[in-house]
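Peer 1: Just need the structure, nothing else, for what follows:
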Amino acid sequence: LVLGTRVTLQTAAPGAVGCGLVFGNIADDNYYLTYVDAAGGQGVSHREGTTFQPGIFREHIPDPANSYDLLVIAVGGRILYYVNQEWVGTLNESPSAGAVGNAVVNFEPIATSCQFNNTWVWRWESTS
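Peer 2: Residues are numbered from 1 along each chain as shown. Model (predicted):
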């Protein structure tokens, strides 16, 4: 699976809010989330039940234009995550087959707007 989008994040105030991509979504409480947030956080988490499992997290200076190119590659038991062509990290997990989509992430009651452009998904098939 290769999944990408260009997203622009707008918030009413600084805080733990962001935009991202969901994949491997097999239930409302079982999916992977990749994100960028208004404070410069970037990461990948797997939600199982009521908790998000430890995943990838990095702090980075936020883009002054609030626009980000997100790219997820899930192949061979690994999830690789890139933001603006920079590697954020690798998670040694294999997501289940499931739905994909765009996500608005609010961990605080702050007005958040995510504008997604050119969201795409490509099924990566091994030829070996």
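Peer 1: For the protein, name the helix or strand with the lowest mean pLDDT.
Peer 2: strand 51-59 (a mean of 88; mean pLDDT, DSSP states H and E).
Peer 1: Quick check: neighbours of that strand in the sheet, parallel or antiparallel?
Peer 2: Sheet pairing for strand 51-59, assigned by DSSP bridges, gives strand 41-48 (antiparallel).
Peer 1: Any idea what the closest residue to residue 87 other than its chain neighbours is bridged to?
Peer 2: Setting aside the residues directly before and after it, residue 87 is nearest to residue 80 in space (C-beta to C-beta, 6 or more residues apart in numbering), at 7.1 Å. For the C-beta atoms, the positions are set from N, CA and C on the backbone; glycine is no exception. For residue 80, the residues forming beta bridges with it (DSSP bridges) are residue 73, residue 90.
Peer 1: so which helix or strand takes in the residue nearest the centre of the chain?
Peer 2: In the chain, the residue lying closest to the centroid (C-alpha atoms, centre = their mean) is residue 34, at 1.5 Å. Using DSSP states H and E, residue 34 maps to strand 30-37.
Peer 1: Does anything pack onto that strand? Which helices or strands?
Peer 2: Judged by 3 or more C-beta pairs under 8 Å, 6 or more residues apart in numbering; DSSP states H and E, the packing partners of strand 30-37 are strand 2-11, strand 17-27, strand 41-48, strand 67-75, strand 78-83, strand 99-106.
Peer 1: Which residues does the first one contact?
Peer 2: The reference is to strand 2-11. Strand 2-11 is contacted from outside by 17-21, 23, 36-38, 65-75, 100, 102, 110-122, 124, using C-beta atoms under 8 Å, 6 or more residues apart in numbering.
Peer 1: What about the residue nearest to residue 87, how many residues nearby?
Peer 2: 18 (other C-beta atoms under 10 Å).
Peer 1: Please report how far it lies from residue 15.
Peer 2: Per C-beta to C-beta, to the nearest Å, residue 80 is found 28 Å from residue 15.
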